[in-house]
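# here is my input; please provide its structure:
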Amino acid sequence: MLEHLDRREAAQFLKEARRVLIHGGIIRLAVPNLKFHIENYLHNKDADLFTENILLTKEKPKSIIDKIKTFLIGDRHHKWMYDGDSLYKLLSSTGFRDSKVMEPGSTIIPNPGSLNLEERAEESVFVKALNP
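Alright, predicted model coming up:
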């Protein structure tokens with residue numbers, strides 16, 4: 001969901017998450033991995049597919065119904081994209097420590113319960129950080 005926030009909103013969200021997270025608590029983020037999409041683009045050389053897949057653009061609503069939906073619901077496309085390094089910098093800038101990119105399926109969260117640790121594994125980057 002972080003990719004649906006602009007940079008200011010993402011920083012505000014993480015500051016609030018840090019405020020409510022217990023000291024020593026772990027935040028684990030999974031976001032679309034910009035590096036994955038860039039590597040696909042470099043391999044396929046398809047700029048249209050790249051642009052479509054990163055969801056940073058959308059067609060303007062044409063019908064009055066679509067315009068009303070956009071007005072009421074807002075833009076549901078991505079506002080920002082991250083790779084492991086940029087997510088690390090964002091977490092550090094909001095006060096989190098010991099950020100680390102994690103392999104899909106792995107976590108340092110004790111007893112993660114039913115948390116899906118591999119959702120969209122191929123196209124996502126997973127980062128954990130600690131609230132000092």
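
# contacts only, for T107.
Counting by CB atoms under 8 Å, 6 or more residues apart in numbering, T107 touches 28, 115, 117, 128. Bear in mind the C-beta positions are built from the backbone N, C-alpha and C, glycine included.

# change it to 7 Å
Taking CB atoms under 7 Å, 6 or more residues apart in numbering as the criterion, T107 is in contact with 28, 117, 128.

# do S124 as well
Residues in contact with S124, defined by CB under 7 Å, 6+ apart, are 30-33.

# which among those residues gets closest to L56?
Closest approach between the contacts of S124 and L56, by CB to CB: P32, at 10.3 Å.

# check which helices and strands whichever strand or helix holds the closest one is in contact with.
Secondary structure from DSSP states H and E places P32 in strand 26-32. If you count contacts as 3 or more CB pairs under 7 Å, 6 or more residues apart in numbering; DSSP states H and E, strand 26-32 packs onto strand 124-130.

# how far does the strand it packs on sit from its chain's centre?
Distance, stretch centre to chain centre, for strand 124-130: 9 Å (CA atoms, centre = their mean, to the nearest Å).

# within the sheet, what are the partner strands of that strand, with directions?
For strand 124-130, the paired strands and their directions (DSSP bridges) read strand 26-32 (antiparallel), strand 97-102 (antiparallel).

# what is the rounded mean pLDDT of that strand?
Confidence over strand 124-130, taken as the mean pLDDT, stands at 94.

# JSON lines for the contacts of S124, including distance to P132?
Output for the contacts of S124, formatted as JSON lines (distance: CB to CB, whole Å):
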{"residue": "A30", "distance to P132": "22"}
{"residue": "V31", "distance to P132": "22"}
{"residue": "P32", "distance to P132": "28"}
{"residue": "N33", "distance to P132": "26"}
